[in-house]
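A.B. asks: A structural model of the following input is requested.
(chains A and B)
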Number of protein chains: 2
Amino acid sequence: MSALKQIKFDEKGLIPAISQDFKTGEILMFAWMNQESLKLTIKKQQAVYYSRSRQKIWFKGEESGHIQHIKEIFTDCDNDVILLKIEQIGGISCHTGRISCFFQQLDKKNWKIITNMIKNPRDIYG
Amino acid sequence: MSALKQIKFDEKGLIPAISQDFKTGEILMFAWMNQESLKLTIKKQQAVYYSRSRQKIWFKGEESGHIQHIKEIFTDCDNDVILLKIEQIGGISCHTGRISCFFQQLDKKNWKIITNMIKNPRDIYG
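C.D. replies: Alright, predicted model coming up:
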């Protein structure tokens, strides 16, 4: 796939990937991809990451159903970060049951949880 | 600084940091921070990164004047990514002279440049 030639993976063969809601602009997740997962993302037009903890390809939504449909794919000036503009199925991207993973905001000296769970993870993965 | 205790830096002592325009929601940059740069970011309320290539603290805008004033700081569900909502001074975050670093969009098999330079880098850094 010729588009992949330009992309620079790190010494572990990975590249950071940011997912952003294509309508609201909200940043939903940060994850990693390897070459195979980026290829699959482009081919299937849905987000496919690489799970560093499980050390395998991770089809986002494979357990939860919270698939991310690709609207647009970008890379940055150094070709070493991927940005996915996506439609989040189910309106939940985070494994905690929230819209976005970025739900902890710094308030002076502490991180405050600023969004509620939409769904209990037990009901998503249980 | 107690807020830093919760944050997980990687095996190199770094954490990914995304900067996003606080008004438009546009994703501007992806960079890295170490503990010192995150501490400085919070203290000075302007983005301070860690340059992996130059292996030193990087006060964003120190050469270009394109400082990023902090509006809000977030971390994610795993406490291992930082999101900065910022005001971009000069309206240019990218070293190529563009608003955002994410100016290459995948169009079938090729990456197409979709935004123009606002200012020539020679005039920014020259």
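
A.B. asks: what's the burial count for A:His56?
C.D. replies: No, residue A:56 isn't His; it's Lys. 10 (other CB atoms under 10 Å in any protein chain shown). In short, each C-beta sits where N, CA and C put it, glycine included.

A.B. asks: how about the nearest residue to it, chain neighbours excluded?
C.D. replies: Nearest residue to A:Lys56, sequence neighbours excluded (CB to CB, 6 or more residues apart in numbering or on different chains): A:Tyr50, at 7.4 Å.

A.B. asks: do the same with A:His69
C.D. replies: Closest residue in space to A:His69, ignoring its immediate chain neighbours: A:Glu87 at 4.4 Å, by CB to CB, 6+ apart.

A.B. asks: strands paired with the one helix or strand the one you found maps to, and their directions?
C.D. replies: Element membership of A:Glu87 [criterion: DSSP states H and E] is strand A:82-88. If you go by DSSP bridges, strand A:82-88 pairs up with strand A:14-21 (parallel), strand A:68-75 (antiparallel).

A.B. asks: what's the model's confidence in that strand, averaged?
C.D. replies: Strand A:82-88 carries an average pLDDT of 98.

A.B. asks: Name the residues that touch that strand?
C.D. replies: Taking contacts as CB atoms under 8 Å, 6 or more residues apart in numbering or on different chains, the residues outside strand A:82-88 that touch it are A:7, A:15-23, A:28, A:33, A:38, A:41, A:47, A:66, A:68-76, A:99, B:27, B:102.

A.B. asks: For the following helix or strand past it, which outside residues touch it?
C.D. replies: Next along the chain after strand A:82-88, taking DSSP H and E as the criterion, comes strand A:104-107. When contacts are defined by CB under 8 Å, 6+ apart, strand A:104-107 is touched by residues A:111-114, B:3, B:42, B:72-77, B:79.

A.B. asks: Many thanks, have a good one.
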